[in-house]
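Q: This is a predicted model, with the sequence first.
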Amino acid sequence: RDLLLRKGRLVKIVPDLLSDYILYQACIDKNDIPTNFAKEVLDKFHETHLKNILFNISEIEWRAKLSSKKLNLLGDAWKQIKEEFRDAPIYLRLKIIDEIEQAAVFQPQHALEIVDIAINVPPSTKLPDEPILRQLEWSNDRVLDKLPKLLRQIAYNIDYFEASCDLLWSLGKKEARELNPYPECPLRILLDLAEYGIRKPKIYNVKMLQCIKRWLQQDDAYQYRYSPLDILIQLLAKEGEDTQFRVDKMIMGAFSLNFKNIDELRKEALAILESHLDLSKPKHIMARALDLLVEVLRYPPGLFVRVP
């Protein structure tokens with residue numbers, strides 16, 4: 001009885017570790033051969049619970065991959081989803097993106113292909129059948145606005161980090177608004193991905209620097225309000241923020257950086273910033289680089305009352 005948690009009509013197995021184990025045993029037999037359980041569940045419940053099915057089964061495949069077991073429990077499900085997305089009108093594309101977002105962290109390749117379709121393949125012009133929904137504005141911008149959150153999920157996989165960041169920069173480089181009120185806009189997500197983290201491997205920051213160097217070579221690198229230098233500044237931070245989630249609360253704090261570990265990375269980032277102080281650069285670029293350099297040289301503020 002203590003292993004079941006009732007929520008209205010639904011019953012959940014707790015803890016999650018136990019439910020993951022039960023699902024794994026149902027999907028894979030004792031000889032590590034996939035059963036038909038995942039496909040049967042998908043066939044029966046895909047219209048109402050596709051998000052949950054994709055997330056849970058994708059996590060099983062991911063766990064098996066960590067043990068060098070390559071599984072395909074969902075069969076042609078992802079192929080069908082991508083085909084449906086390609087031919088879908090805007091309102092259905094929005095629905096599909098919502099359904100795959102959680103699973104994207106475990107299935108980055110499939111999710112990235114859907115992002116590519118969303119950017120490069122125009123949607124169908126079909127409107128919803130419900131009269132009240134037909135009155136709404138169905139602009140493709142609504143689909144594009146959904147992509148940054150999906151790309152963030154994909155970027156958590158290091159093999160797809162740079163591809164995700166490149167797309168985020170492409171989607172967000174023309175942004176003209178203040179960024180703080182829009183935490184899900186492409187540039188805000190890039191700033192988050194560029195940050196140092198207590199449990200975050202340095203390779204993510206190294207790859208972000210490689211991305212920034214590529215973006216600085218683009219013809220329109222300084223054409224808009226924000227430039228790649230605004231992302232670079234994250235790599236020159238002197239302290240970091242950390243957020244942890246518990247069952248009933250969120251804990252926010254700050255931490256000191258291990259400068260010895262990131263010394264070479266910071267030196268390279270600083271050299272890039274200093275190179276923009278060259279008199280041959282346009283004045284507005286020099287001015288922005290100088291503002292950022294002043295920010296770098298400023299004494300750390302002591303986030304969350306931390307003593308620097």
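A: Everything's here; your move. Numbers count the residues shown, from 1 in each chain.

Q: what residues does stretch 172-185 touch?
A: 145, 148-149, 186-188, 190-191, 215, 220, 224-226 (Cβ atoms under 8 Å, 6 or more residues apart in numbering). (C-beta placed from N, C-alpha, C; glycine too.)

Q: how about the residues you listed, which pair is most distant?
A: Checked with Cβ to Cβ, the contacts of stretch 172-185 reach their widest spread between Lys149 and Asp220, with 24.7 Å between them.

Q: So for these two, which residue has more residues nearby?
A: Ranked by neighbour count (other Cβ atoms under 10 Å), Lys149 and Asp220 place Lys149 first, with 16 against 10.

Q: Which strand or helix spans that one?
A: helix 141-155 (DSSP states H and E).

Q: So which bits of the following helix or strand past that helix are buried?
A: With elements assigned by DSSP H and E, the helix or strand that comes after helix 141-155 is helix 161-172. Across helix 161-172, burial judged by 16 or more other Cβ atoms under 10 Å covers Phe161, Glu162, Ala163, Ser164, Cys165, Leu167, Leu168, Trp169, Leu171, Gly172.

Q: Format the contacts of stretch 172-185 as CSV; extra columns: pLDDT and distance to Ile100.
A: Shown next, in CSV, are those (pLDDT from 0 to 100; distance: Cβ to Cβ, whole Å):
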residue, pLDDT, distance to Ile100
Asp145, 96, 16
Pro148, 98, 14
Lys149, 97, 11
Pro186, 98, 19
Leu187, 98, 23
Arg188, 97, 22
Leu190, 98, 21
Leu191, 97, 24
Trp215, 98, 27
Asp220, 95, 31
Tyr224, 95, 30
Arg225, 94, 32
Tyr226, 95, 29
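
Q: Type out the ChimeraX command that picks the buried ones from the residues you listed.
A: Filtering the contacts of stretch 172-185 down to the buried ones (16+ other Cβ under 10 Å) takes a single ChimeraX command:
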select :145,148,149,186,187,188,190,191,215,226
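
Q: quick check, nearest of the contacts of stretch 172-185 to Ala155?
A: Out of the contacts of stretch 172-185, the member with the shortest distance to Ala155 (by Cβ to Cβ) is Leu190, at 9.3 Å.

Q: so that closest one, which of the three states?
A: helix (DSSP: H, G, I helix; E, B strand; the rest coil).

Q: Is it in contact with Ser170, as I believe?
A: No - at 10.9 Å, Leu190 does not count as touching Ser170 under the criterion of Cβ atoms under 8 Å.

Q: so where's the stretch 101-250 of the chain shaky on pLDDT?
A: Residues of the stretch 101-250 of the chain that meet the criterion pLDDT under 70 lie in 247.

Q: let's see 50
A: Counting by pLDDT under 50, the stretch 101-250 of the chain contains no low-confidence residues.

Q: Could you pull out the helices in it for me?
A: For the stretch 101-250 of the chain, the helices defined by DSSP state H, counting those that start in this stretch occupy 108-120, 131-134, 141-155, 161-172, 186-194, 202-216, 229-232.

Q: Make TSV out of these and add distance to Glu101.
A: Formatted as TSV, the helices of the stretch 101-250 of the chain follow (distance: least, Cβ to Cβ, whole Å):
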stretch	distance to Glu101
helix 108-120	8
helix 131-134	21
helix 141-155	5
helix 161-172	13
helix 186-194	13
helix 202-216	20
helix 229-232	23
